[in-house]
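K.L.:
I need the structure of the sequence given here:
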Amino acid sequence: MLNQFESRVFSVQMMKSKPDEEDYWNSSKFKAFTFDDEDDEFSRLKESKQAVNSIRGLVEEDDDEDDVEKVSWSGEPVGSISWSVRETAASNHRTDREPAFPKINTETPPLSRSHSGYSLSSLFKGKTKGGNFQSITDTLSDSSVRLYAPELRKPKSEYKDYVSDWSPEETVHRMKQGKSVSLEKFRSLQDKLLLLDFSVAAHDGNVITAVLIYLKRTLSKEVLFRELESRQTALRHFIHYLTETRDQKLLLELLRALGRTEDMVLLQYKEHLSIADENKRRDFLKSCLSLPFPADDSAHVQDHYTLLERQIIIEATDGQAERGGKVEMFHKFPRRASIVNMPLITTLYYCCFYHYEEPEGSFSSPLNIRHTFRISEKQFFVTALAARAKLKAWSDVDALFTCRNWLGFTRKRSPVTFSRVVDILQKNSAPTQVLQDYVALVDDVTLRISLAQKLKCHDIIINTYRDLKDRQLLLGYRGKVEIGSAEERKIIELLDNQQIRWKN
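P.N.:
Reported below is the predicted structural model:
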């Protein structure tokens, strides 16, 4: 009487005797590729092993999926006691450790195509050789034949990122390397301060800023300000961060808590730059007058407020006069831009250009502006000279230099050098007749001759050579002037003058 195992094998063989199964086993025209001959003993040994494996698969499975073969080779005779014990233990071990990878026996030969219903192309297409369609996932659904792709596990040290057990020093080190870490686990004040101290010691501005952002979010302002006061490097980074993010409110609170009054009021004064409306900016500057500025800074803020207030008045008056068309000056020289928010010297130039003749009591009078804002004589002189030269008002230019001594004699005096005066007049396209009057007043002889040659002031050069009593230079310069010109005639008269005692 057959035992249970042999009866099961017998029944399977009977199932395989069906015509369609005979076709399954015998209709294949392909054979598995091997480097050895097909008829050698090793090939036959492989086929016998596969036959045993296919029988074992049919015995272990209760379903009807007999078209997939399971490959396993223990080396024991099928059905023996040792074979049954070993296979049972191996099956239990696979069940207990399902997530683990199955051990692949490298000695297991590949399936021969002559004993399988699948070719390499059919596995990719999901079709059997007998024509029955079956998904490749169904084919490989059994755990004993499922193909496992080996997963490359990370080193154990990498998993510390997920459990967040890095120390403050290790966390800062990883942040410096550009690795992502979580700072949320550091909840105590001591750990947070250690983070800050280690980030400062690392000399990495990005790490310091990242830690400061975390402390700003998790600490009260009082505690944060107190701790930053004793850490100047971190404090500078935090002030820079608040400045870049334009968190003016918190920055003012920080400076006030640190007792840095001057920095606080200057920061608050700087807010006027963000106010576009001139009237609102004027009102804001007026409110800044009460801030505890130092004496010098307080005077500058007062001048700023006064200047803006005056600019608004002048702009409104001149704009109305320009639109009315009754002022010839605005019609002849139209204004190019608004004077509001312009610098002080620009405002003075504007008033010297359009309001030069106005009395000192007027807001737009250049003299009024000079006295109100304590403009120096040199600065006022240069600005007025440039404005009047631009208008070709040469009489006003001459009046700037004229002064009288106590005897009533007039002479030309300038708070700047006459070479600088010549340069300003030249840039404003002054004629040669005007330029030579001021070139002649240059004290340095070499510079005077150089300017005269550059500006073609022949009389200045001729008179200078005459004063030097240098006959050779005068003869050389005669060849540089036009023949028959007034300059040549003057040179000839000087050379023929017997009263001049020439040096050469």
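K.L.:
Please identify the buried residues of the helix or strand where residue 312 lies?
P.N.:
Following DSSP states H and E, one finds residue 312 within helix 295-324. Buried positions in helix 295-324, judged by neighbour count with 16 or more other Cβ atoms under 10 Å: 298, 301, 304-305, 307-308, 310-312, 314-315, 318, 322. Bear in mind the C-beta positions are built from the backbone N, C-alpha and C, glycine included.
K.L.:
Then stretch 428-440?
P.N.:
Buried, per 16+ other Cβ under 10 Å, within stretch 428-440: 428, 430, 434, 435, 436, 437, 438, 439, 440.
K.L.:
Please list the outside residues in contact with that stretch.
P.N.:
By Cβ atoms under 8 Å, 6 or more residues apart in numbering, the residues outside stretch 428-440 that reach it are 386, 389-390, 394, 397, 418, 421-422, 425-426, 448, 451-452, 455-457, 459-460, 463.
K.L.:
Of those, select the buried ones using a ChimeraX command.
P.N.:
Restricted to buried positions by 16+ other Cβ under 10 Å, the ChimeraX selection for the contacts of stretch 428-440 reads:
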select :386,389,390,394,397,418,421,422,425,426,448,451,452,455,457,460,463
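K.L.:
Show me the contacts of stretch 428-440 that map onto helices.
P.N.:
Judged by DSSP state H, helices contain the following of these: 386, 389-390, 394, 397, 418, 421-422, 425-426, 448, 451-452, 455, 459-460, 463.
K.L.:
Do I have it right that residue 257 meets residue 225?
P.N.:
Yes: contact criterion Cβ atoms under 8 Å: residue 257 and residue 225 qualify, at 4.4 Å.
K.L.:
Between these two, tell me which one has more neighbours.
P.N.:
Using other Cβ atoms under 10 Å, the more surrounded residue of residue 257 and residue 225 is residue 225, with 19 against 16.
K.L.:
what mean pLDDT does the host helix or strand of the more buried one have?
P.N.:
Taking DSSP H and E as the criterion, residue 225 maps to helix 221-229. Summarised as a single mean, pLDDT over helix 221-229 is 94.
K.L.:
Check which helices and strands that helix sits against.
P.N.:
Helices and strands touching helix 221-229, by 3 or more Cβ pairs under 8 Å, 6 or more residues apart in numbering; DSSP states H and E, are helix 189-201, helix 232-244, helix 248-257.
K.L.:
Export those helices to a markdown table and append columns for mean pLDDT and distance to residue 474.
P.N.:
Formatted as a markdown table, the helices and strands packed on helix 221-229 follow (pLDDT from 0 to 100; distance: least, Cβ to Cβ, whole Å):
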| stretch | mean pLDDT | distance to residue 474 |
| --- | --- | --- |
| helix 189-201 | 94 | 78 |
| helix 232-244 | 93 | 68 |
| helix 248-257 | 90 | 72 |
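K.L.:
What residues of stretch 272-282 count as buried?
P.N.:
Buried-residue list, stretch 272-282, by 16+ other Cβ under 10 Å: 272, 278, 281, 282.
K.L.:
Same question for stretch 398-417.
P.N.:
For stretch 398-417, a neighbour-count test (16+ other Cβ under 10 Å) marks 400, 401, 414 as buried.
K.L.:
Then stretch 458-476?
P.N.:
For stretch 458-476, burial by neighbour count (16+ other Cβ under 10 Å) applies to 458, 460, 461, 462, 463, 464, 465, 466, 470, 471, 473, 474.
K.L.:
same thing with stretch 199-208?
P.N.:
Buried, per 16+ other Cβ under 10 Å, within stretch 199-208: 199, 200, 202, 207, 208.
K.L.:
And for the residue nearest to the second one when sequence neighbours are not counted, the neighbour number?
P.N.:
Ranked by Cβ to Cβ, 6 or more residues apart in numbering and with sequence neighbours excluded, the top spatial neighbour of residue 200 is residue 233, at 5.1 Å. Residue 233 is surrounded by 15 other residues when neighbours are defined as other Cβ under 10 Å.
K.L.:
Endpoints of stretch 329-338, how far apart?
P.N.:
16 Å (Cα to Cα, to the nearest Å).
K.L.:
ok, now stretch 172-185?
P.N.:
Start-to-end, stretch 172-185 (Cα to Cα) is 14 Å.
K.L.:
and it, which residues are buried?
P.N.:
Within stretch 172-185, the residues that qualify as buried are 172, 173, 174, 175, 181, 183, counting by 16+ other Cβ under 10 Å.
K.L.:
ok, back up a step: can you tell me which helices and strands the helix holding residue 312 packs against?
P.N.:
With 3+ Cβ pairs under 8 Å, 6+ apart as the test, helix 295-324 has helix 261-269, helix 278-288, helix 328-332, helix 344-354, helix 366-372 packed against it.
K.L.:
relative orientation of it and helix 278-288 in degrees?
P.N.:
Calculated by axes from the mean of the first three to the mean of the last three Cα atoms, to 10 degrees, helix 295-324 forms an angle of 160 degrees with helix 278-288.
K.L.:
Now do the same contact list for residue 366.
P.N.:
Applying Cβ under 8 Å, 6+ apart to residue 366 gives the contacts 348, 351, 352, 355, 356, 358, 380, 384.
K.L.:
Now restrict these to buried residues only.
P.N.:
Taking 16+ other Cβ under 10 Å as the criterion, what is buried in those is 348, 351, 352, 355, 356, 380, 384.
K.L.:
In TSV, list the residues you listed along with distance to residue 288 and pLDDT.
P.N.:
Formatted as TSV, these follow (distance: Cβ to Cβ, whole Å; pLDDT from 0 to 100):
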residue	distance to residue 288	pLDDT
348	24	97
351	26	96
352	29	96
355	29	95
356	33	94
380	28	96
384	31	96
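K.L.:
Need the max-distance pair from the residues you listed.
P.N.:
355 and 380 (14.2 Å; Cβ to Cβ).
K.L.:
before we move on, the earlier item: in TSV: the helices and strands packed on helix 295-324, plus distance to residue 213.
P.N.:
Formatted as TSV, the helices and strands packed on helix 295-324 follow (distance: least, Cβ to Cβ, whole Å):
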stretch	distance to residue 213
helix 261-269	21
helix 278-288	31
helix 328-332	56
helix 344-354	42
helix 366-372	48
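K.L.:
Could you chop the protein up by domain?
P.N.:
What automatic domain parsing lists as the domains of the chain is 4-139, 166-259.
K.L.:
Counting neighbours, what do you get for residue 265?
P.N.:
Close neighbours of residue 265, defined as other Cβ under 10 Å, add up to 22.
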